[in-house]
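J.: Below is the structure, and that's it, no one-letter string:
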């Protein structure tokens, strides 16, 4: 009667669920832009940099000409192409060899204008003069390669920090890509830079999600059919799985979040976890049916509600612990995963019994539930004869891999974490690094809070010396700061043989000329290096795309080099510095989530199984986690945004099987079974094997992804789950027999 009522309520709830799912799918978006909260001090520095010195999303359009850029046809085409981009909605500023600043000094006048305007006005008499002057300018190498064939066009996209930023960024990049597709056959081109890289990250996230969710669904169907060999049993497992899959986008939208490369794994996670829980319920129902129970569904619920509740709670907390992370996508992932896991538990515990009531699968003999009988006999023999060796060997292996963990490194460079070396994004960045000055940026902000600070010649001279010292470091390719335009204008004035002004009066005169020598349609050359009242300055340092370890080295150098009086505040920021900071937070998140997950699971184990048995039950979960993490430094794999999930995923998933095993062990002890540890392994090997196979192979499919971050996560999780299965069926009974004699 109660199941009939639940069935009616469930049938009424399904249309509501369908409506919510349709609304969520329509509103879902993909966005990998936001990595730190607005209140974070490093994010505040980055926001200040963007607002004051480089407002908007930046991108770099690169064209490759078959011959030199300095021909009438090529410059004319580039001028037209540039005009097309400049006319796009949401494009705010552009910079290119035609837009770069040139200072023309004649006998009577000094003019500051763009190279294109200088050509039009006759201040540059020919393309040869254009080429000669540009080669000697600070822009050589940055916007034009040394062989003059590769040309860069810097594009800034409007950014207002509102809900439409994503639309603006996507719209411009897509339109630029459309223009690139229409290039003449003899001209090649691509778009790179932060805006384009984020766009590719979003598109790759969407493409991999669309590709792998159906793939995993089909895979789960095939695997469950292969082992269960009954369409009703498969339906009982797959229907709640599909319902829980639909819960994920609903939760993400209701929380006001977007899909990122990190929470994309949640779709796969809920699929395999739901299948695993449903198989456990099906296993108990099958067992009670064979034993002739009058109420197999009721007995199944009574036997499984507590272990399933505990496994859901530990899994929810294991993933939910990421809510403590400073990294925004990890923080959001914690809230999303916790909510989804709680709801998924409710769905499984309601839908599976209802389906068992409506479409019970056939179950005929006791032999039909036996699994790997020879393997079970071998495991029993191993545990009986060699328990101490199994335990000591496992702990020794974990200790050795734990030592390897001391050599762990981090890499949170978006380029290397997301894209394989053969991916077009990586190759485009490599082209910029190889043929232009570099694709990476680190910025030093110097704040004084006193107006006109950077009109003081002593400050400027000191700043110039520090920049030169920084440029001596091999990893820094070039710099842009206030001394660059000041040096340009001073040489143009030619008032003395020096290359730099020698007094405050000379400096102020030259700065004033720089401020008012550009038209309203152009950004003056000072805006990217000093603020309006000359109280704050920016030094832009250009590098190749570097791993986090090398960025760490550069940051150490910059903090040593850029030292001023007590009245100055110095901060390092920029896009590459963001990845460096995220690397630090990844390690903090790793340690914190492991501690939270470990303590919560331990408390639960002690509360349910007692101190001694609960503490023993933790070991088969710690060993696979430590060994898996130890493989990372051994295989030279750094921690990144995905590998940081492995420890909590490992414990959150693997503890499920441990709980079911311990629950079966306590039941076997109450029933007075002979050698209950070995008996439990014999009874539990089928559901443990099925769930481990489904979990492991479900995640290993991510190894076929074209994103490095998903490949690492998929393979590492597969290894962890395989080790956890071995720990639960061999190490755990060996531990119990060693501690509880003859158990």
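T.: Arrived safely. Predicted model only: the values in this text are computed from it and were never measured.
J.: Only C-alpha atoms from now on, for both contacts and neighbour counts.
T.: Noted.
J.: how far away is the residue positioned nearest the centre of the chain from residue 439?
T.: When CA atoms, centre = their mean is applied to the chain, the residue found nearest the centroid is residue 641 (4.5 Å). As judged by CA to CA, to the nearest Å, residue 641 and residue 439 stand 22 Å apart.
J.: Would you indicate which residues of stretch 449-463 are buried?
T.: Residues of stretch 449-463 classed as buried under the neighbour-count rule (16 or more other CA atoms under 10 Å) are 453, 454, 455, 457, 460, 461, 463.
J.: show me what contacts the last one?
T.: Translated: residue 463. residue 483 (CA atoms under 8 Å, 6 or more residues apart in numbering).
J.: mind running it again at 10 Å?
T.: Contact analysis of residue 463 by CA atoms under 10 Å, 6 or more residues apart in numbering lists 446, 454, 457, 469, 481, 482, 483, 537, 539, 562, 563, 564.
J.: Then it would be within a helix, right?
T.: Yes: following the definition DSSP: H, G, I helix; E, B strand; the rest coil, residue 463 is counted among the residues of a helix.
J.: Please tell me the pLDDT value assigned to it.
T.: At residue 463, the pLDDT value in this model is 92.
J.: what about the strands in this protein?
T.: Ranges of strands in the chain, per DSSP state E, are 57-64, 91-95, 101-105, 110-114, 150-157, 188-192, 440-447, 476-480, 536-543, 569-573.
J.: okay if I get the ones you listed as JSON lines plus distance to residue 352, mean neighbour count and mean pLDDT?
T.: JSON lines is the format used below for those (distance: least, CA to CA, whole Å; neighbours: other CA atoms under 10 Å; pLDDT from 0 to 100):
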{"stretch": "strand 57-64", "distance to residue 352": "49", "mean neighbour count": "22", "mean pLDDT": "94"}
{"stretch": "strand 91-95", "distance to residue 352": "54", "mean neighbour count": "19", "mean pLDDT": "91"}
{"stretch": "strand 101-105", "distance to residue 352": "70", "mean neighbour count": "22", "mean pLDDT": "81"}
{"stretch": "strand 110-114", "distance to residue 352": "71", "mean neighbour count": "19", "mean pLDDT": "80"}
{"stretch": "strand 150-157", "distance to residue 352": "51", "mean neighbour count": "24", "mean pLDDT": "94"}
{"stretch": "strand 188-192", "distance to residue 352": "50", "mean neighbour count": "20", "mean pLDDT": "95"}
{"stretch": "strand 440-447", "distance to residue 352": "53", "mean neighbour count": "22", "mean pLDDT": "92"}
{"stretch": "strand 476-480", "distance to residue 352": "60", "mean neighbour count": "19", "mean pLDDT": "92"}
{"stretch": "strand 536-543", "distance to residue 352": "57", "mean neighbour count": "23", "mean pLDDT": "93"}
{"stretch": "strand 569-573", "distance to residue 352": "52", "mean neighbour count": "19", "mean pLDDT": "92"}
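J.: Of all these, which one is nearest residue 581?
T.: Of all the strands of the chain, strand 569-573 sits nearest to residue 581, with 9.3 Å by CA to CA.
J.: Tell me which residues are up against the closest one.
T.: So strand 569-573 is contacted by 42-49, 441-449, 536-540, 555, 558-559, 562-564, 578, 580-581 (CA under 10 Å, 6+ apart).
J.: Off-centre distance for that strand?
T.: A distance of 25 Å separates the centroid of the chain from that of strand 569-573, by CA atoms, centre = their mean, to the nearest Å.
J.: what do you get for stretch 452-467?
T.: Centroid displacement of stretch 452-467 relative to its chain, using CA atoms, centre = their mean, is 39 Å.
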